[in-house]
Each structure stands twice: as C-alpha cells, then as structure tokens.
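**Student:** Let me see the structure of the following:
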Amino acid sequence: MDRPIVILNYKTYLESSGIKALELAHDLESAANESGITMVAAPQAIDIYRISEETSIPIFAQHIDPVSPGGNTGHNLIDPFIESGISGSLINHSENRMKLADIYEAIKLCKEHEIDSCVCTNNIATSKAISCLSPEAVAVEPPELIGTGIPVSQAQPEIVEETVSQVKDINRNIKVLCGAGITTGDDMKAAIDLGADGVLLASGIIKAKSPKKALLDLVSKL
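**Tutor:** Sure, this is the predicted structure:
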C-alpha cells in the first residue's frame, strides 16, 4: 500500500451490493488511474470474486475469522478469500469487534498468506496496543463520528496526530489511517497534514450522486 491510501469500506449498503458493487469498483479504478492515488475496495464477501475478475484494483475483505478449515459454520475462512483475489483484510471494525487474541491470530493469518492487514481501532490507546502486533496498517475511527459526516481529521485532529505519533514510535513501518466522517478533499488533506498515511471511508462516497466525482474531489487537494 503506497501512501496516500484510500480504502473504501462497502459495508452492506444496497448502493454497494451486487452489480452496484462492481460499478463502484470501476469508479475506484478509474479515479485511481486519473489521480495516481492508491484506492482499495473492501466489498462484501459475495462480491469479491467478480470485482477481482473484472478490475485490477486492490481488494480487501471486510473481515476474516481466525479459524481453520472444518466445522466453522458462518465464519469467514481466509483461504477462499485468497483464491477470490484479496490482497488484504480489514480487522476489528467497530461494527464487528473482535477479542484481542482473535485480532492477533487474524493478523498472523494475513502474514502467513502474505496479504495486508488493516486493524480498526477506536482511540489512541487501542491504536498503540494494536501496533505491538505489527499489522501493516492501523485505522483509527472514533465510533461516535462514524456515519455522521463530521470528519475526525477536523473535529478531533488530536486523535489522528497522537495516534500517528504513538504508532510510529513503536513501528515506523505501520501505516496509520483515519476514518469516520471523511468525505471531502479538505477532510483528507487535513488527515495527511496531521501525518496520516491515508483514510478509511464509506457512506460519504457510496451514497454520493457520483462516487467517482466524490473520489476525485477527495484526493484533489493532495
């Protein structure tokens, strides 16, 4: 993942499901080609293979479970995700929290399969603790700002700045992203100016009238 990074979490919006998931992936690919910015899609599991077959953008799973092949009904096994074409995974999103031991095992699985792990955290202390597990990236997202349209990079800049400082003190190779309310070029520029390597975002792009235009606006001030 080359800095600056944009990861678009599709979540389970209808606007980012099925055929619309593929259309959104094409928008990401086109915006990445025009801007030169790394843009990553994190679609629902069922849409990953199709997007992988029909685009060349990096794809992350939204979640993987630290389980082995066998009797684990309802879990997300990493092996079929790898075959479907992912290059990384989100871990521990605020909408799908994991125990610390499971986060560690999920990061380890990603390393064993040579894909990137991006662990979501909710504050500075958690970000610092997770960095000791050496994921490729940490994405700090205050839960109270998710989906509000209030950007963390401008509403709570100290969280971004201090997270960057604490994580980089432990391991300078870990990328630090920020999320929650990130929508505009001003939001992303503020994040980069605070030392972040990129952003993790969702509804601000997914629900935009023109996702591609919103993506290009997002990176227009870098």
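
**Student:** What separation do you get for the residue lying farthest from the centre of the chain and residue 208?
**Tutor:** The centre of the chain is farthest from one residue, residue 71, which by CA atoms, centre = their mean lies 28.7 Å away. Separation of residue 71 from residue 208 (CB to CB, to the nearest Å): 42 Å. The C-beta positions use only the backbone N, C-alpha and C, and glycine is treated the same way.

**Student:** same deal with residue 22?
**Tutor:** Residue 22 is 17 Å from residue 208, by CB to CB.

**Student:** now the strands for this protein?
**Tutor:** 5-9, 38-42, 60-61, 88-91, 116-121, 137-140, 175-179, 198-201 (DSSP state E).

**Student:** Just send those back as JSON lines, with distance to residue 128, mean neighbour count and mean pLDDT too.
**Tutor:** Formatted as JSON lines, the strands of the chain follow (distance: least, CB to CB, whole Å; neighbours: other CB atoms under 10 Å; pLDDT from 0 to 100):
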{"stretch": "strand 5-9", "distance to residue 128": "20", "mean neighbour count": "25", "mean pLDDT": "96"}
{"stretch": "strand 38-42", "distance to residue 128": "24", "mean neighbour count": "24", "mean pLDDT": "96"}
{"stretch": "strand 60-61", "distance to residue 128": "23", "mean neighbour count": "26", "mean pLDDT": "98"}
{"stretch": "strand 88-91", "distance to residue 128": "16", "mean neighbour count": "26", "mean pLDDT": "98"}
{"stretch": "strand 116-121", "distance to residue 128": "9", "mean neighbour count": "25", "mean pLDDT": "96"}
{"stretch": "strand 137-140", "distance to residue 128": "9", "mean neighbour count": "28", "mean pLDDT": "95"}
{"stretch": "strand 175-179", "distance to residue 128": "11", "mean neighbour count": "28", "mean pLDDT": "91"}
{"stretch": "strand 198-201", "distance to residue 128": "18", "mean neighbour count": "28", "mean pLDDT": "94"}
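
**Student:** so can I have a markdown table of those strands showing distance to residue 189?
**Tutor:** Formatted as a markdown table, the strands of the chain follow (distance: least, CB to CB, whole Å):
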| stretch | distance to residue 189 |
| --- | --- |
| strand 5-9 | 13 |
| strand 38-42 | 16 |
| strand 60-61 | 24 |
| strand 88-91 | 24 |
| strand 116-121 | 21 |
| strand 137-140 | 18 |
| strand 175-179 | 12 |
| strand 198-201 | 10 |
